[in-house]
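K.L.:
I would like the atomic coordinates for the input below:
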Amino acid sequence: MKIFLYTVLAGMLLSVAACKKDGPFTKDDADVRVYMSQAINGAFQDITVNRRAPLQGDSLYAFEVNAFFAGGGYVSAPRDVAVTFALDYSKWDSINTARATAGLAEFERIPDNIFDFPATQSVIRKGTTVSEDIAFTIDAKLVEEGHNYMIPVKITSVDGYPINSAMALTYFVVTVTPPVYAEINRSNWTILEVDSEEANGEGPNNGRAIFALDGLLNTFWHTQWDGGEPPLPHHIAIDMQTEHSLSGLYLTARQNAPNGAPKTVNVDVSTNGTTWQSAGTYALQAINARQPVFFSQAFTARYFRVTVTATHGNTNITFFAEISAF
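P.N.:
The predicted structure is shown next:
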């Protein structure tokens, strides 16, 4: 008789427990909360967009967001649970004020024309703990380097369940990197023509045009300055020995020498070294870093010519430490 009663009571307890797991949310399950999965490692999350050049594909970068159902009340969601996300700029000003006080760059809102968050609702399906992924996208062909973009995404509502407010918001901090192309092998390249070079004043292993192709940043092509300074424009033309499909150039100025660094350049391409076709005019900064020049179309060419028409500092002299192509 006792065994029978124990068996009945145990069955009743299991039945109650099963109802609790599958039933609606109650105060007894108050530790169940829904939070944003991306906030688990902190409110600020770094994301990177590799900007795409006009001739490159894959123009959209997608970044997923989702919600997590957690707590001791349930092992998993007892029913489908709708979760809504939204952009939340409510703390934008206070965050930027704190950053300015700390001497940090303020965040910028990402422009609407390069950012899209088309679907803001997701669902935690019954029997699961993570919602279906939704995503915002960034147009990698329109986004630009040099900005401090930040995107604040927050869980704003959950159907029937409380939100873990401490983990409901993620600030996505966007780093934009320049496009990357593989460089064409330069081992057989030669100088086709140069209008000016410093053959003496920079020493025996520097100054002449060939030093723009040697792979060394501490050597460079420099226009003449010893005995005279021929005025702009100055050009350097290169023979790649075989035809390539050119999408652009990488140009690196002489290191730590802003005065005379190329400011505006014209690029021309050729299949025979005699007849030239314009590949565009480009602005360069007075910086040490390699600067890409992206063509608006691909050109089949064996030769290319870079003509410096203006310099930083309005000098007659100019230079390049390295010139390569992609």
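K.L.:
contacts and neighbour counts: CA atoms only from here.
P.N.:
Noted.
K.L.:
wait, a helix at Ile95?
P.N.:
Yes - with DSSP: H, G, I helix; E, B strand; the rest coil as the criterion, Ile95 is located in a helix.
K.L.:
adjust the sequence numbering to begin at 57 for everything that follows.
P.N.:
Shifting the count to begin at 57 puts that one at Ile151.
K.L.:
roughly how far apart are it and Ile103?
P.N.:
19 Å (C-alpha to C-alpha, to the nearest Å).
K.L.:
try Ile240
P.N.:
For Ile240 relative to Ile103 (C-alpha to C-alpha), the value is 30 Å.
K.L.:
just give the nearest non-adjacent residue to Val186, would you?
P.N.:
Take Val186 and drop its neighbours on the chain: the residue closest to it by C-alpha to C-alpha, 6 or more residues apart in numbering is Phe124, 4.6 Å away.
K.L.:
and for Ile207?
P.N.:
Nearest residue to Ile207, sequence neighbours excluded (C-alpha to C-alpha, 6+ apart): Phe228, at 4.9 Å.
K.L.:
neighbours of the one you found, how many?
P.N.:
20 (other C-alpha atoms under 10 Å).
K.L.:
helix or strand right after the helix or strand containing it?
P.N.:
According to DSSP states H and E, Phe228 maps onto strand 225-233. Moving toward the C-terminus from strand 225-233, the next helix or strand (DSSP H and E) is strand 246-250.
K.L.:
listing partners with orientation, what would you give for that following strand?
P.N.:
strand 290-308 (antiparallel) (DSSP bridges).
K.L.:
name the helices or strands packed onto the next helix or strand after the strand it pairs with?
P.N.:
Proceeding C-terminally, strand 290-308 gives way to strand 318-326 as the next helix or strand, assigned by DSSP H and E. Judged by 3 or more C-alpha pairs under 8 Å, 6 or more residues apart in numbering; DSSP states H and E, strand 318-326 is in contact with strand 333-339, strand 347-367.
K.L.:
which one of the ones you listed is the most hemmed in?
P.N.:
Comparing these by mean neighbour count (mean count of other C-alpha atoms under 10 Å), strand 347-367 ranks first with a mean of 20.
K.L.:
give the rounded mean pLDDT of that one.
P.N.:
The average pLDDT within strand 347-367 is 96.
K.L.:
ok, back up a step: you'd agree the residue nearest to Ile207 is up against Ile103?
P.N.:
Yes - between Phe228 and Ile103 there is a contact at 6.5 Å, judged by C-alpha atoms under 8 Å.
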